[in-house]
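In: can't give you the sequence, but here's the structure:
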């Protein structure tokens, strides 16, 4: 019974934040015509006001994000062309990341560096995990276990570190940057500020779900390794 309860709690902890984020964003996507301007138009105006005229706003199918390498705000079609509270708020959140880059915000710079390292590290780790059984057969020494340990850390641990760095960066973009821009510019309809806060919290906690999933994968891998 305790295992069952623990499993339910674990599943809720891992998948709950993701489902909550999706629900919040969908809830405030209606009415679709709440604002006269689109998310893309607001992003452009905020970027210009922040002295970031050279930063373009582009359509993406890869999810809303700011690209610190290309120096570009990218929004999904529903947020770039949409007029809902969600579209407006998400656009402001991504501009928040652009201002972090402008200000050389440490967490953004660390995450950008980690992402650049994570992809080759994960590939190297996957290769080490594939070679470990072969090394074990050929050498019959503990080095195979060390190889598996390092491979697991590189393939799973680097992604978890990226997600952990991301959460404080997202909170800063939401509440220290996007929300003040929306309030000071009086872009929100009266009464929408509390709802915008919920959306910004959802934007920030998107990565909390990813972090929990990464930790779960590490736990599963460690359990297999100990058998």
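Out: Thanks, I have it. On a predicted model such as this, the values are computed, not experimentally measured, just so you know.
In: list the buried ones in stretch 184-196?
Out: 187, 188, 192, 195, 196 (16 or more other CB atoms under 10 Å). Quick note: C-beta positions are derived from backbone N, CA and C, even for glycine.
In: Redo these as CSV? Include distance to residue 202, pLDDT and secondary structure.
Out: Shown next, in CSV, are the buried residues of stretch 184-196 (distance: CB to CB, whole Å; pLDDT from 0 to 100; DSSP: H, G, I helix; E, B strand; the rest coil):
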residue, distance to residue 202, pLDDT, secondary structure
187, 18, 97, coil
188, 16, 97, coil
192, 15, 97, coil
195, 11, 96, helix
196, 10, 96, helix
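In: Looking at these, which is nearest residue 22?
Out: Residue 22 has its nearest neighbour among these in residue 195, at 16.0 Å by CB to CB.
In: residue contacts, that closest one?
Out: Neighbour list for residue 195: 28, 85 [criterion: CB atoms under 8 Å, 6 or more residues apart in numbering].
In: Please apply the same query to residue 62.
Out: residue 74.
In: Over to it. Which of the three states is it?
Out: coil (DSSP: H, G, I helix; E, B strand; the rest coil).
In: farthest-separated two in the buried residues of stretch 184-196?
Out: The most distant members of those, if one measures by CB to CB, are 187 and 195, lying 13.3 Å apart.
In: residues in contact with residue 32?
Out: Here residue 32 is in contact with 82, 83, 84 (CB under 8 Å, 6+ apart).
In: In helices, which of those residues fall?
Out: Among these, none falls in helices (DSSP state H).
In: May I see those residues organised as a markdown table, with distance to residue 91 added?
Out: A markdown table is the format used below for these (distance: CB to CB, whole Å):
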| residue | distance to residue 91 |
| --- | --- |
| 82 | 9 |
| 83 | 11 |
| 84 | 11 |
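In: Please enumerate the helices of the chain.
Out: Going by DSSP H, the chain shows helices at 2-27, 39-49, 77-80, 85-102, 106-139, 143-152, 158-171, 179-184, 193-226.
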